[in-house]
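Participant: I'll drop the sequence and a predicted model, then ask my questions.
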Amino acid sequence: MPEGDAVRQLATTFNDVFAGSICSVSSPQGRFAASAARIDGWRLETVEAHGKHMFMGFVEPNAPCPSAPRQWVHIHLGLYGTWRFTGDPSSENPRHGLLNRLQGEPERPGPSGGHRAQRWSVTGSSEGGVWTPPAPVGQVRLRIVIDDAVADVSGPNRCELISDDERLHALAKLGPDPLVPGARDDTQAMATFVGGVRRRRRAIGELMMDQSVIAGVGNIYRADILFLAGISPMRRGDKISKKRAEDLWRLTCDVMNRGFAAGRLDTMDPEEAPREPIEGDEEASRWYVYHRTGRPCLRCGTPIAEKLMQNRRLFWCPQCQR
DNA sequence: AACTTATGACTAA
DNA sequence: TAGTCCTAAGTTG
C-alpha cells in the first residue's frame, strides 16, 4: 500500500541488491507466467520509479549490442500490492547493505539508507553452498531470484512486460514527481504542477491525487500536505494563487522527501508531536488529520472532519484549512 | 464463514 | 457516480 515515497524506496532496494544480477524470473501464481518466461535468465540492469510506477529494466545477458532494447516489467502496486524480500543469511555480498543491517550492523546513512518499512526476512536453506529461497507465500504474481535474495510481489494492480516505447508512453501520462532528485528547485517541474492546478476548476483535494497533475501523492499525503499548507481540500484549483501553488509544490517535495528518507510515511514534525501517546488516537503521533475523524486538531482543537472525495476518505481541519 | 478495510486507478454510463 | 480489478488482515457472528 504505497505512495510515491515507498515506491522510490523499493526501486532503491532493487538497485542496491538486485541490479546487475542474472535473475530467475517466474510467476508462482501463474498469471504472469508467459511474460516471466520471456525474461527468465536475463540481467536486471536498472530500476526506475516515477510516482507510484516502477519500471524494472531487463536485458539479455548475451545481447549482441550494448544498446539492445530492454524489456521492462512495469509494476503498479495499487491499493494493496506488496513486495516481500528474503535474503540468504550467509551472504557476504557487500551490495547487501540491507542484509548487513538485518544482521546487526548499524544503520547506514545516505541515499541508500532506510528500508525500514519493507518486509525483509533473512532465511531459506543452504546446502552445499547453494541457497534455496523459501517457498512463495500467498498469491505471488512475480518472483525474482538471484544468488542470495528473492523478491516476491503479490496483489499488484498492474504487472506487465512492456517495451521502451510503451514505458515512455506510460511516463508521458504522469505529472512531475516531487521525489525526483532536484525537484524542489526544478522551476520547470514546479511550473508544470502550478499550471496543472491553476488551470482547473476541480477541487485541490482531487488534483493532488490526479497522477497527471503530480505523480506519487496518495490519500495520506494529500490530506496531511493540504493541512500543512492550510488549504481547504474543497478549494478550486483556479482559486489558488500562484504563490500558494508554488509553496504547495515545495512543501510537497519537503514532506515526501522526509518520508522517503525516514522509510516511513509520517508527516508529523517531531517538534509538534504529542509528548505522550494519546489513548485511542495513535495516529496523532504520525499524522495531523489522516484517520483522525472527530479527534481534536493538534493545532486548534477543532474536530477533524471527514467526507468521501472521489470514493476515498478525505480528512481535514475545517478551521485551519481555508 | 462472512464482512470490512486498505497508502489506487481504470471503465462504463 | 458506480462497478471493477488485484490480495490479505482484521473484525464480527
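Facilitator: All right, it came through fine. Numbering: from 1, shown residues only, chains lettered A, B, ... in the order given.
Participant: what sits up against stretch A:19-38?
Facilitator: A:39-47, A:58, A:61, A:71, A:73, A:95, A:136, A:139-147, A:152, A:154, A:159-161 (Cβ atoms under 8 Å, 6 or more residues apart in numbering). From N, CA and C alone the C-beta is placed, and that goes for glycine too.
Participant: cool, and stretch A:223-234?
Facilitator: A:203-205, A:208, A:217, A:222, A:240, A:244, A:247-248, A:251-252, A:255, A:267, A:287-290, A:309, A:314-318, A:320-322.
Participant: in strands, which of the residues you listed appear?
Facilitator: Judged by DSSP state E, the contacts of stretch A:223-234 include A:Met309, A:Leu314, A:Phe315, A:Trp316 as members of strands.
Participant: near DNA strand C, which residues of the stretch 151-300 of chain A show up?
Facilitator: A:Ser154, A:Gly155, A:Pro156, A:Asn157 (Cβ under 7 Å from any atom of the strand).
Participant: give the contact list for the closest residue to the third one other than its chain neighbours.
Facilitator: Nearest in space to A:Pro156, with sequence neighbours left out and distances taken as Cβ to Cβ, 6 or more residues apart in numbering, is A:Gly81 at 3.9 Å. Contact partners of A:Gly81, counting by Cβ under 8 Å, 6+ apart, are A:Met1, A:Pro2, A:Ile75, A:Val153, A:Ser154, A:Gly155, A:Pro156, A:Asn157.
Participant: quick one, strands of the stretch 51-200 of chain A?
Facilitator: Along the stretch 51-200 of chain A, counting by DSSP state E, counting those that start in this stretch, strands occupy A:53-59, A:71-76, A:82-87, A:119-122, A:125-127, A:130-132, A:140-146, A:149-154, A:158-162.
Participant: any stretches of the stretch 51-200 of chain A with poor pLDDT?
Facilitator: Where the stretch 51-200 of chain A drops to pLDDT under 70, the residues are A:94-117.
Participant: who touches the closest residue to A:Met208 other than its chain neighbours in this structure?
Facilitator: Take A:Met208 and drop its neighbours on the chain: the residue closest to it by Cβ to Cβ, 6+ apart is A:Arg222, 4.1 Å away. A:Arg222 sits next to A:Gly205, A:Met208, A:Met209, A:Pro233, A:Leu314 when contact means Cβ under 8 Å, 6+ apart.
Participant: at 10 Å what do you get?
Facilitator: Counting by Cβ atoms under 10 Å, 6 or more residues apart in numbering, A:Arg222 makes contact with A:3, A:204-210, A:214, A:233, A:252, A:290, A:309, A:312, A:314-316.
Participant: now, of the residues you listed, which are buried?
Facilitator: Buried members of these, counted by 16 or more other Cβ atoms under 10 Å: A:3, A:204-210, A:214, A:233, A:252, A:290, A:309, A:314-316.
Participant: closest to A:Arg184 out of the residues you listed?
Facilitator: A:Thr252 (9.0 Å; Cβ to Cβ).
Participant: which residues touch the residue nearest to that closest one when sequence neighbours are not counted?
Facilitator: The shortest distance from A:Thr252 to any non-neighbouring residue, by Cβ to Cβ, 6+ apart, is to A:Pro178 (4.8 Å). Residues near A:Pro178 by Cβ under 10 Å, 6+ apart: A:4-5, A:51, A:184, A:186, A:189-190, A:193, A:214-217, A:221, A:225, A:249-257, A:260.
Participant: then A:Arg313?
Facilitator: With Cβ under 10 Å, 6+ apart, A:Arg313 has these contacts: A:Asn219, A:Ala223, A:Tyr290, A:His291, A:Thr293, A:Glu306, A:Lys307.
Participant: let's see it at 6 Å
Facilitator: Going by Cβ atoms under 6 Å, 6 or more residues apart in numbering, A:Arg313 touches A:Glu306.
Participant: how much space between it and A:Ile220?
Facilitator: Going from A:Arg313 to A:Ile220 by Cβ to Cβ, to the nearest Å gives 10 Å.
Participant: next one: A:Cys23
Facilitator: 32 Å.
Participant: picking that back up, A:Lys173 is nearest to which of the strands of the stretch 51-200 of chain A?
Facilitator: strand A:53-59 (9.5 Å).
Participant: could you give the angle of that closest one to strand A:158-162?
Facilitator: Between strand A:53-59 and strand A:158-162, the angle comes out at 40 degrees (axes from the mean of the first three to the mean of the last three Cα atoms, to 10 degrees).
Participant: restricting to C-alpha, output strand A:53-59 in PDB.
Facilitator: C-alpha atoms of strand A:53-59 as PDB (Å, rounded to 0.1, in the frame of the first residue of the first chain):
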ATOM      1  CA  HIS A  53       5.000   3.400 -11.000                       C
ATOM      2  CA  MET A  54       8.100   1.200 -11.100                       C
ATOM      3  CA  PHE A  55      10.000   0.100 -14.200                       C
ATOM      4  CA  MET A  56      12.400  -2.800 -14.000                       C
ATOM      5  CA  GLY A  57      14.700  -2.900 -17.000                       C
ATOM      6  CA  PHE A  58      15.900  -6.300 -18.100                       C
ATOM      7  CA  VAL A  59      18.500  -7.000 -20.800                       C
END
